[in-house]
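J.: Take this sequence and fold it.
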Amino acid sequence: MVDIIPKIIAAINPDRYYKPSGDKEESKNELRKFKEIIKSQGIQKAIEKAKPTPLSTHKLVYDSSSETLEPVYFFIVDLMNDFGLNAEKLIDNFTSSPGSGHFAELGQRATVMQQQGSKILGDINTVLRSVLNIIYDLKEFRIRLSQYDDLKTERKESAVLALKQIWLDKVDIQKGNSSIKAMALGNAGFQTLLDAFLVVDDEKNIGKVDLNDRVIRILRPRLLEFNQWLEHSEKELRKRYELEKTYLKSQVNSLKLYSRWAKPYLRAAQELEMSNLGRDPGLVKAFNTIILELTLLGKNKIKSKEEAISGNLPLEFKKVKTKDYYACVLISFRFRGIPQRVSQQPHYVFGGRVEISFNSYALNEDELKKFEECLEESDLNDALRLIEGSTGESLTQMQDEIDFFLNEKDKEVKTASQKDYSNPFMALFGKYGGETTAPKKEIKKEVKSKVIIRQETYPEKQILRPFSEEIAKEITFKLFDIYKKAHGMASYT
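T.: The predicted model follows:
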């Protein structure tokens, strides 16, 4: 797993960090084919076939079953920070042998984290279904309220007919055989009742329509009942609409809170997962052993203007604008240890063998951005993407509809009685026909674009990059050499 980082760097800059095999001609053809894979199949496919080589590499092996491994790791971390490298951990994997006590204890901890995370995810699904139902109800309410709003516009006649139809289907139908539809369709002498109800808008206007007395006696109380329902139902519906919006806000806040609670448990469960090392001979089922893999990356920015003033670079670099270059150090650890429980403590200490690899690279700002992009797309972050997807994406997909209802403002409705007070002189400023509000701008979702590595200029390629490479090799060797001196080992200096 630790070899994925050098492979990513080799795929990003194959001219510098890909190591072809064979003679000069074969190496040239192999490098050309590798670049074709990057263009045709993508960089992730090329990473699988990469043959990485750093600028320089130094290896250190330290074996002591009586001493713990933590001081080795933290000594190098502190040393990197002292050199201004700002160490960043890229890989942190472990695997215990199934027969060890460490395996059993971490398995129990992982199970607890998984159970807690699953419980909260179940609560998230319950709240999510509630949010979906509320949004559906709000859409229905909004459609119904639009018909009440139309009563104050030129579309009043259509709105009244629509509301009468709703009243017939929802309220009057509960009367059974004495409902208007049942009487009009089933009883002789009431065929005109349904049409009369739809045509007459008020019980005072019944006399204007030619109807027999039997129909009028049925129609008059029904119109009165409809008008009362029309007045009260609008108030109740608007009140229910506002209550539903308040409830939606409450449920959305609960969903966000549950998502925050679930992430630590899911992340802890993911971090307690053991990596699959396959047939590694250092891991025997019945032994009490553990294998740890760690990778650190340190970056030191090359300040070209200061280096030019110091005389390390040509003076032209004080004025020439270039990309930022970094001297990078990649340090990989492979621990093979024996976990030992501390007496009366719930944790373990590890003593054993550690292999440390110091590698140097020089990368510019575009290459580092591409490196971060490839790292996010690699298998290393699959679990993190699943965690984000299970907790955050469900809310993101509905965010537009949620924002629409929560940020909704009352709109002015132009009634039929309103007059047009538009000022003809406003046309000089681009205003026409009583414009009141500016058109709402469409909110575009930000789409993360792929990082493109810009081509190097001549000063960057011929001067700045070689200078960065020398700095990277120098820092890498110093880290390696200082560690050996500090621990009483043979040194080259």
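
J.: what ranges do the strands span in the stretch 251-400 of the chain?
T.: All strands of the stretch 251-400 of the chain, identified by DSSP state E, counting those that start in this stretch, fall at 290-302, 325-341, 348-364.

J.: got CSV for these, with mean pLDDT and distance to K156 too?
T.: All C-beta atoms are positioned from the backbone trio N, CA, C, and that covers glycine. Converted to CSV, those look like this (pLDDT from 0 to 100; distance: least, C-beta to C-beta, whole Å):
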stretch, mean pLDDT, distance to K156
strand 290-302, 91, 70
strand 325-341, 89, 70
strand 348-364, 89, 68
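
J.: Serialize those to CSV and add fields for mean neighbour count and distance to D280.
T.: Formatted as CSV, those follow (neighbours: other C-beta atoms under 10 Å; distance: least, C-beta to C-beta, whole Å):
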stretch, mean neighbour count, distance to D280
strand 290-302, 21, 7
strand 325-341, 21, 9
strand 348-364, 21, 13
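
J.: which one of the ones you listed lies closest to E67?
T.: Among the strands of the stretch 251-400 of the chain, the nearest to E67 by C-beta to C-beta is strand 348-364 (5.7 Å).

J.: Name the strands paired with that closest one and say parallel or antiparallel.
T.: Here strand 348-364 has these sheet partners by DSSP bridges: strand 56-68 (antiparallel), strand 325-341 (antiparallel).

J.: Please state the offset of that strand from the chain centre?
T.: 31 Å (C-alpha atoms, centre = their mean, to the nearest Å).

J.: Name the spans of the stretch 101-250 of the chain whose pLDDT lies under the cut-off.
T.: The model of the stretch 101-250 of the chain has pLDDT under 70 over residues 187-188, 204-205, 207-208, 210.

J.: quick one: the helices in it?
T.: 101-150, 156-170, 180-186, 193-199, 213-271 (DSSP state H, counting those that start in this stretch).

J.: on that earlier part again, turn the strands paired with strand 348-364 into TSV, columns for distance to L198.
T.: TSV is the format used below for the strands paired with strand 348-364 (distance: least, C-beta to C-beta, whole Å):
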stretch	distance to L198
strand 56-68	89
strand 325-341	78
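
J.: Can you check which of those gets nearest to L161?
T.: It's strand 325-341; of the strands paired with strand 348-364, that one is closest to L161 (C-beta to C-beta) at 72.3 Å.

J.: domains of this protein?
T.: 4-97+288-395+452-486, 118-264 (automatic domain parsing).

J.: Please work out which of these is packed deepest.
T.: domain 4-97+288-395+452-486 (a mean of 17; mean count of other C-beta atoms under 10 Å).

J.: picking that back up, for E408, which of the domains of the chain is the nearest?
T.: Of all these, domain 118-264 comes closest under C-beta to C-beta, at 7.5 Å.

J.: end-to-end on that closest one?
T.: Domain 118-264 has an end-to-end distance of 12 Å (C-alpha to C-alpha, to the nearest Å).

J.: V77 contacts L297, correct?
T.: No. Checked against C-beta atoms under 8 Å, the pair V77 and L297 is beyond contact range at 11.7 Å.

J.: list the residues that contact both of the two?
T.: A87 (C-beta atoms under 8 Å, 6 or more residues apart in numbering).

J.: circling back: can you lay out the domains of the chain as TSV showing distance to I402?
T.: As requested, these are arranged in TSV below (distance: least, C-beta to C-beta, whole Å):
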stretch	distance to I402
domain 4-97+288-395+452-486	8
domain 118-264	6
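
J.: Of those, give the one that comes closest to T111.
T.: domain 118-264 (10.4 Å).

J.: mind checking pLDDT for T437?
T.: If you check T437, the pLDDT there is 42.

J.: before we move on, back to that, looking at the helices of the stretch 101-250 of the chain, spot the one closest to G488.
T.: Across those, closest to G488 is helix 101-150 (C-beta to C-beta), at 30.5 Å.

J.: Tell me how far the closest one lies from the chain's centre.
T.: That offset, for helix 101-150, works out to 17 Å (C-alpha atoms, centre = their mean).

J.: Quick one: work out the angle between it and strand 290-302.
T.: Between helix 101-150 and strand 290-302, the angle formed by their directions is 60 degrees, by axes from the mean of the first three to the mean of the last three C-alpha atoms, to 10 degrees.

J.: nearest spatial neighbour of L313, skipping sequence neighbours?
T.: E307 (4.5 Å; C-beta to C-beta, 6 or more residues apart in numbering).

J.: likewise V342?
T.: Closest residue to V342 apart from its sequence neighbours, by C-beta to C-beta, 6+ apart: V349 at 6.0 Å.

J.: follow-up on the earlier one: switch the strands of the stretch 251-400 of the chain over to JSON lines; also include distance to K49.
T.: Formatted as JSON lines, these follow (distance: least, C-beta to C-beta, whole Å):
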{"stretch": "strand 290-302", "distance to K49": "20"}
{"stretch": "strand 325-341", "distance to K49": "20"}
{"stretch": "strand 348-364", "distance to K49": "19"}
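
J.: Spit out the contact partners of I38.
T.: So I38 contacts 11, 14, 46 (C-beta under 8 Å, 6+ apart).

J.: Lowest pLDDT pick from the residues you listed?
T.: A46 (88).

J.: Hmm, it is touching S40, no?
T.: No. Judged on C-beta under 8 Å, A46 makes no contact with S40 at a distance of 9.5 Å.

J.: Can you name the residues in contact with stretch 125-140?
T.: 241, 244-245, 247-248, 251-252, 254-255, 258, 394-395, 398, 401-402, 405.

J.: Same question for stretch 225-237.
T.: Applying C-beta under 8 Å, 6+ apart, the set of residues contacting stretch 225-237 is 141, 144-145, 148, 163-164, 167, 171, 197, 202-203.

J.: Next, format those as a markdown table and append distance to A268.
T.: Below are the contacts of stretch 225-237 laid out as a markdown table (distance: C-beta to C-beta, whole Å):
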| residue | distance to A268 |
| --- | --- |
| F141 | 42 |
| R144 | 47 |
| L145 | 47 |
| Y148 | 52 |
| L163 | 56 |
| K164 | 60 |
| W167 | 57 |
| V171 | 56 |
| F197 | 66 |
| D202 | 69 |
| E203 | 70 |
